[in-house]
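In: Show me the folded form of this:
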Amino acid sequence: MGRYAVVDIETTGLSSAGGDRIVEIGVVLVDEVGALGAEWETLIDPERDVGANRIHGLASADLRGAPTFDRIAGDLELLLRGRVPVAHNLAFDAPFIAAEYRRLGYDVPLGTDFGLCTMRLAKDYLPGGQRTLEACCERIGYGNPCAHSALDDARAAAHLLVRYIKEPDFAIRCSATIQRAYTATWPDIEPLGTPRISRTSPETEPQQSFVSRLVSRPPRTEMYREGYGYLALLDRIMLDRLLTRLSADELVSAAQVADLSREEVLLLHRAYLGALARLAKADGTPAVTLRADVEGVAVALGLTPTDVDEVLMA
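Out: Numbers count the residues shown, from 1 in each chain. Here you go, the predicted model:
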């Protein structure tokens, strides 16, 4: 029982109501049995000064070229919809994310009634000590190499969640919140496939951006024959579900060598996603785990929620 999106943000300050904005967000997906899944992160242009850089360690120059929130709102919504939002101090993170959506005219089901807080749950599952993210992680033996980086903090909170999921009363204790999150109504926001920028790994590719670097041309009948080598390379690269700048450059080069257009590459990506789903189904992968994996790959390859639904229904 459970599909979770563990979120962490870095902000310009402490008050979403007072005009502070998000400068970085990281998401780690976790399935119902506690297996870690796809990761997603980006820096965000807050459209104001960076604020408390002594905490988040970001300067204005670091955000040069980063997307504004409206450019990634649809991609983030794809990750949150139908999942249980989780954060370490959800009462801080959820209002900030909800405020960003409100600026765009959307009301989203984010808050303590629709998500889980690993800090609050520590009172029950990690009693007898401080409940900071660092202190909780120390008690489970997980070291966070880059505290106050959104993705690293999301990973740390995800490891706490995994620990909690394995407790025998977790599903019962959290069942009402989980059910509310599953049935909550999210607005339809189109993912734009905007390039994302990471500060944690200089080589990390702003995922999805490499597709836009290809020429636009209607698909040809021979594209699948020409794209065989591209698909083989894509399969090797996506084994660990991590797309780096180097591997994205390799994919662009392979597409250009094969004279593949943007439209043809997206068709190949859909074919790859379908093959991935069929193999996972044949291996008996649980449906919720399968969807989490397919959605994570789809986001990385510039595909849409419609593409995900189609391959899962096939």
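In: Would you confirm that E10 belongs to a strand?
Out: Yes - counting by DSSP: H, G, I helix; E, B strand; the rest coil, E10 is part of a strand.
In: quick one, what contacts it?
Out: The contact partners of E10, by Cβ atoms under 8 Å, 6 or more residues apart in numbering, come to 22-25, 55-56, 58, 148-150. C-beta: built from backbone N, CA, C; applies to glycine.
In: between those residues, which is nearest Y224?
Out: I25 (36.7 Å; Cβ to Cβ).
In: If you drop the residues flanking it in sequence, what lies closest to the closest one?
Out: In space, and not counting its chain neighbours, I25 is closest to I9: 5.0 Å by Cβ to Cβ, 6 or more residues apart in numbering.
In: I figured that neighbour was touching P95, is that so?
Out: No - here I9 does not reach P95: they are 10.4 Å apart, not a contact under Cβ atoms under 8 Å.
In: who has more neighbours, those two?
Out: Taking other Cβ atoms under 10 Å, I9 and P95 do not tie; I9 has more neighbours (24 against 17).
In: where's S175 relative to G143, distance?
Out: 32 Å (Cβ to Cβ, to the nearest Å).
In: for I25, helix, strand, or coil?
Out: Classification of I25 by three-state DSSP places it in strand.
In: Show me the beta-bridge partners of it.
Out: According to DSSP bridges, the partner residues bridging I25 are I9, T42.
In: going forward can the numbers begin at 295, since that is how I track them
Out: Yep, numbering from 295; the last one is I319 now.
In: which residues touch it?
Out: The contact partners of I319, by Cβ under 8 Å, 6+ apart, come to 301-304, 335-336, 338, 370, 391, 444.
In: quick check, nearest of these to V546?
Out: Taking Cβ to Cβ as the measure, V546 lies nearest T336 of those, at 19.9 Å.
In: Surely the closest one and G359 touch.
Out: No - counting by Cβ under 8 Å, T336 does not reach G359; the two are 10.9 Å apart.
In: Neighbour count: those two, which is higher?
Out: T336 (27 against 10).
In: Please give me every residue in contact with P379.
Out: Neighbouring residues of P379 by Cβ under 8 Å, 6+ apart: 298-299, 301, 388, 404, 408-410, 475.
In: With P361 instead?
Out: 336, 338-339, 488-491.
In: Those in strands, which ones?
Out: Those of the contacts of P361 mapping onto strands are T336, per DSSP state E.
In: could you dump the contacts of P361 to JSON lines with pLDDT and distance to W480?
Out: Shown next, in JSON lines, are those (pLDDT from 0 to 100; distance: Cβ to Cβ, whole Å):
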{"residue": "T336", "pLDDT": "92", "distance to W480": "19"}
{"residue": "I338", "pLDDT": "95", "distance to W480": "20"}
{"residue": "D339", "pLDDT": "93", "distance to W480": "24"}
{"residue": "T488", "pLDDT": "83", "distance to W480": "19"}
{"residue": "P489", "pLDDT": "82", "distance to W480": "24"}
{"residue": "R490", "pLDDT": "86", "distance to W480": "20"}
{"residue": "I491", "pLDDT": "84", "distance to W480": "25"}
